[in-house]
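Student: Give the three-dimensional model of this entry:
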Amino acid sequence: VNHNGHLTFEEPWNSYSPKRFPMYGGRDIIAPFWTDLDNSASGNIYYDQYTNGSILQQVTQDINLYFPELNFHANWIFIATWHKIPYFSMPETQTTFQTVLASNGNYSFVLLNYGCLASKKVSIEAGYDTAFSCHHFNILGSFFDDIVPKVKLLTLGSNVNRSGRWAFLV
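Tutor: Okay, the predicted model is just below:
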């Protein structure tokens, strides 16, 4: 879980300047809100994993709503939340978003959840990219010059008919 709004899997990556997907690089990356963030003075980044309990049941239920043909039952969930993180050099801003990873060993999913996103003019990439870009997805609005459409597309948009939520079978 990297502080600039993305997750990588082999090693940490502290790139604060987002790159447009596909990157054709050698790393898998999930970027719910990749931009130059600074949690050194305020905001928090939380993460945890679950193998049983109500969170596992809720995520399983949500995924089956979005992908009913799979009859999915999660046995592992990882949740990373960036809570009230300001943009770099803009301590008055607060941005909140979350990534949920779910798997049962056969299928894996990424859920991106958007809360309150500060409206400032910054570059943002949102989506995912696999190593060497075999698979990638940009959420509409990434790399627009105007932050307002980006924020609205992330917080009001969806690919599963739930505002602020994006779900992907990966």
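Student: After the helix or strand containing residue 78, which helix or strand is next? Please name it.
Tutor: For residue 78, the host element (DSSP states H and E) is strand 76-87. Once strand 76-87 ends, the next helix or strand along the chain (criterion: DSSP H and E) is strand 90-103.
Student: Now residue 41. Nearest residue, chain neighbours left out?
Tutor: residue 91 (6.1 Å; C-beta to C-beta, 6 or more residues apart in numbering). In short, each C-beta sits where N, CA and C put it, glycine included.
Student: mind checking pLDDT for the one you found?
Tutor: Residue 91 carries a pLDDT value of 94.
Student: Residue 27 now?
Tutor: 89.
Student: correct me, but it touches residue 8?
Tutor: Yes: using C-beta atoms under 8 Å as the test, residue 27 is close enough to residue 8 to be in contact (5.5 Å).
Student: in which helix or strand would I find residue 62?
Tutor: helix 54-66.
Student: Give me the residue ranges of the chain where confidence is low.
Tutor: Across the chain, residues meeting the criterion (pLDDT under 70) sit at 143-149.
Student: Please identify the pairing partners of whichever helix or strand residue 45 is part of and their relative orientation?
Tutor: Using DSSP H and E, residue 45 sits within strand 44-50. Here strand 44-50 is paired, per DSSP bridges, with strand 76-87 (antiparallel).
Student: The partner strand: which residues count as buried?
Tutor: By neighbour count on 16 or more other C-beta atoms under 10 Å, the buried set for strand 76-87 is 76-77, 79-83, 85-87.
Student: for these, which one is nearest residue 39?
Tutor: residue 85 (4.9 Å; C-beta to C-beta).
Student: burial count for residue 37?
Tutor: For residue 37, the neighbour count with other C-beta atoms under 10 Å is 24.
Student: Can you tell me who it pairs with across the strands?
Tutor: Going by DSSP bridges, residue 37 forms beta bridges with residue 87.
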